[in-house]
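A.B. asks: A predicted structure for the sequence below; I have some questions about it.
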Amino acid sequence: MKAIVVERTGGPGVMTVLEGEDPGPRPGQIAVRVAAAGVNFIDVYHRTGAYGLPLPFTPGLEGGGYVAALGEGVEGFAIGDEVAWKSVPGSYADLVVADADQFVPVPEKVAVETAAAVMLQGLTAHYLCNSVYDVQEGDTVVVHAAAGGMGLLLTQMVKYKGGKVVATVSTDAKAELARQNGADHVMRYEGFGAKARELTGGEGVAAVFDGVGKTTFDEGLEALRPRGVMALFGQASGPVPPVDPQRLHQGGSLVLTRPTLGDFTRTREEYLARAADVFQMIEDDNLLVRVGETFRLEEAPEAHEALQSRKTTGKLLLIP
């Protein structure tokens, strides 16, 4: 098998391709031939050491592929089945092995590469607008980085539920993409809080879905209506400094949460249900998954450079 390996943390160049033995599945595990692996900011955090992992390691958590081998005692899967996953470490490889319950079946009408592109971000978008803040018809929410892979999916889900989206972007091209994707109001980051409050007649928005972090957080709190929800699910611009809880009182009993996908897919049943909902939206043409660029496995450094440049739109995939 071939895999990307990080032997020391640092820039994109620390990722190299190594060949090794096929480990094969242990009891309760399956081996999957990777068709596509998703490239996400958490992979960057692992590579740089911001989120520490024991060295050496193979980055990547998300992907889609075909069942290649079954471990003893595995039921519900067969050789050749198309599957996808959101949190299998070592996904920057041409083969992954993990416990069977880490994988979900991919419906016949959903391409396995599409499934690979939607698992981490699609399920995150699903729990954000259904569980962290259950968007109601007529609600106005802020979606940051609305032309990125995550923002494009979240905007569509909010619109599907009848909500209105105030989208932030960094370029004119991204602004046009956000509009084409259904965003109601599109703007640059500067001054977005005051503009969002103005668009709601001074009331403020119901929720801010913030994967940017340091540079948008303070203004996002100012944009919220009383009892509004700040969902801080990422930190693309850096970590948010410590927050005085009194600010939540001053803003009108605001809610601040730092959710993670793992906590909203804690059971096998919840994991399967969220994945099924997302796949059904794709099958019904209610969710368009945009793949911005694809890279060969050995081009993982270029993929990270593209992601960190903030110039990309849609999802980035590695194709082994």
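C.D. replies: Looks like it arrived, so ask away.
A.B. asks: Pull up the per-residue confidence for residue 236.
C.D. replies: Here the pLDDT value assigned to residue 236 is 81.
A.B. asks: So it is in contact with residue 41, correct?
C.D. replies: Yes - under the criterion of CB atoms under 8 Å, residue 236 makes contact with residue 41 at 5.7 Å. Glycine gets a C-beta too; all of them are placed from N, C-alpha and C.
A.B. asks: intersection of neighbour lists for those two?
C.D. replies: Common contact partners of residue 236 and residue 41 (CB atoms under 8 Å, 6 or more residues apart in numbering): residue 211.
A.B. asks: and the spatially closest residue to residue 13 that is not a sequence neighbour, how far is that from residue 116?
C.D. replies: For residue 13, ignoring the flanking residues on the chain, the nearest one in space by CB to CB, 6 or more residues apart in numbering is residue 301 at 5.7 Å. In this view, residue 301 and residue 116 are 20 Å apart by CB to CB, to the nearest Å.
A.B. asks: what about the closest residue to residue 238 other than its chain neighbours, distance to residue 201?
C.D. replies: Nearest non-adjacent residue to residue 238, counting by CB to CB, 6+ apart: residue 214, 3.8 Å away. Residue 214 sits 29 Å away from residue 201, going by CB to CB.
A.B. asks: what about the two, which has more around it?
C.D. replies: residue 214 (13 against 7; other CB atoms under 10 Å).
A.B. asks: Per-residue confidence, the more buried one, what does it come out as?
C.D. replies: 96.
A.B. asks: need the contact list for it.
C.D. replies: Applying CB under 8 Å, 6+ apart, the residues near residue 214 are 235, 237-241.
A.B. asks: Just the buried residues of these.
C.D. replies: The neighbour-count test (16 or more other CB atoms under 10 Å) marks 235, 237, 240 as buried among the contacts of residue 214.
A.B. asks: So the second one sits against residue 210, correct?
C.D. replies: No - under the criterion of CB under 8 Å, residue 237 makes no contact with residue 210, lying 9.9 Å away.
A.B. asks: Name the residues contacting each of these two.
C.D. replies: residue 216.
A.B. asks: Just give the strands next to the longest strand anywhere in the chain in its sheet, each with its orientation.
C.D. replies: The longest strand of the chain (DSSP state E) is strand 29-39. With DSSP bridges as the test, strand 29-39 is paired with strand 63-70 (antiparallel), strand 95-99 (antiparallel), strand 315-319 (antiparallel).
A.B. asks: SS state for the residue nearest to residue 13?
C.D. replies: helix (DSSP: H, G, I helix; E, B strand; the rest coil).
A.B. asks: Tell me which residues touch it, please.
C.D. replies: When contacts are taken as CB under 8 Å, 6+ apart, residue 301 is in contact with 12-13, 15.
A.B. asks: And the residue sitting nearest the centre point of the chain, which helix or strand is it part of?
C.D. replies: By CA atoms, centre = their mean, the chain has its centre lying nearest to residue 121, at 2.5 Å. Residue 121 is located in helix 112-127, with elements delineated by DSSP states H and E.
A.B. asks: Pull out the CA atoms of that helix and give them to me as CSV.
C.D. replies: The C-alpha trace of helix 112-127 is given here as CSV (Å, rounded to 0.1, in the frame of the first residue of the first chain):
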residue,chain,number,x,y,z
VAL,A,112,-18.5,7.2,-4.1
GLU,A,113,-16.3,10.2,-4.8
THR,A,114,-19.3,12.5,-4.0
ALA,A,115,-19.8,10.6,-0.7
ALA,A,116,-16.1,11.1,0.1
ALA,A,117,-16.5,14.8,-0.5
VAL,A,118,-19.5,15.2,1.8
MET,A,119,-18.9,13.0,4.9
LEU,A,120,-17.0,15.4,7.2
GLN,A,121,-18.4,18.7,6.0
GLY,A,122,-21.9,17.4,5.1
LEU,A,123,-22.5,15.7,8.4
THR,A,124,-21.1,18.8,10.2
ALA,A,125,-23.4,21.0,8.3
HIS,A,126,-26.3,18.7,9.2
TYR,A,127,-25.7,18.7,12.9
